[in-house]
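Participant: predicted model and sequence follow; I will ask about them next.
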Amino acid sequence: MSSKHKNIIEKFKLMINTNDYALAEELISSDAVFQSLTSPEILHGGKGYLSVVEFMRKSFSDVHWDIEDIAAEDKKIAVSWICSGTHDGDFMGISPTGKKFSFRCMNFYYLNDDDKIIKDVAAQGIAGLFESLGLKM
């Protein structure tokens, strides 16, 4: 993995943990499209990506992502994240439990020729969230 890849993901971590729109514009292509369980609509660019983060913050005000591991080659970066927080807001119709959670999730980020993220493929880590909160899917 190059220092370039590591730098991109370190900035990305800062972006999602601080909801930084300037970093989102720097790191994510305006042409990028994302699908999310949180939105029936296709999301576009950095603003669209951060809308998912905002959705999470409404349910888990202290949500935080830490990098567990990174692997990269060429225009693809794989990141294993540890996501943690407290269920202190309504989440998809589930009232706050006050429970703390921590789960692992995995994302693959694809870069364009300008080294901006154009695609994010996520493993379905949401099951880990439900399990941490003692909820059934």
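Facilitator: Thanks, I have it.

Participant: next secondary structure after the helix or strand harbouring Trp65?
Facilitator: Secondary structure from DSSP states H and E places Trp65 in strand 64-73. Counting by DSSP H and E, the next helix or strand C-terminal to strand 64-73 is strand 76-86.

Participant: now do that following strand: which elements does it pack against?
Facilitator: Packing partners of strand 76-86 (3 or more Cβ pairs under 8 Å, 6 or more residues apart in numbering; DSSP states H and E): helix 3-18, strand 64-73, strand 100-111. The C-beta positions use only the backbone N, C-alpha and C, and glycine is treated the same way.

Participant: the host helix or strand of Ile118 to strand 100-111, inter-axis angle?
Facilitator: Using DSSP H and E, Ile118 falls within strand 117-122. Calculated by axes from the mean of the first three to the mean of the last three Cα atoms, to 10 degrees, strand 117-122 forms an angle of 140 degrees with strand 100-111.

Participant: nearest to Lys119, of the helices and strands packed on strand 76-86?
Facilitator: Lys119 lies closest to strand 100-111 among the helices and strands packed on strand 76-86, at 4.1 Å (Cβ to Cβ).

Participant: got a list of contacts for that closest one?
Facilitator: 8-9, 12, 60, 68, 75-87, 117-123, 125, 128-129, 131-133 (Cβ atoms under 8 Å, 6 or more residues apart in numbering).
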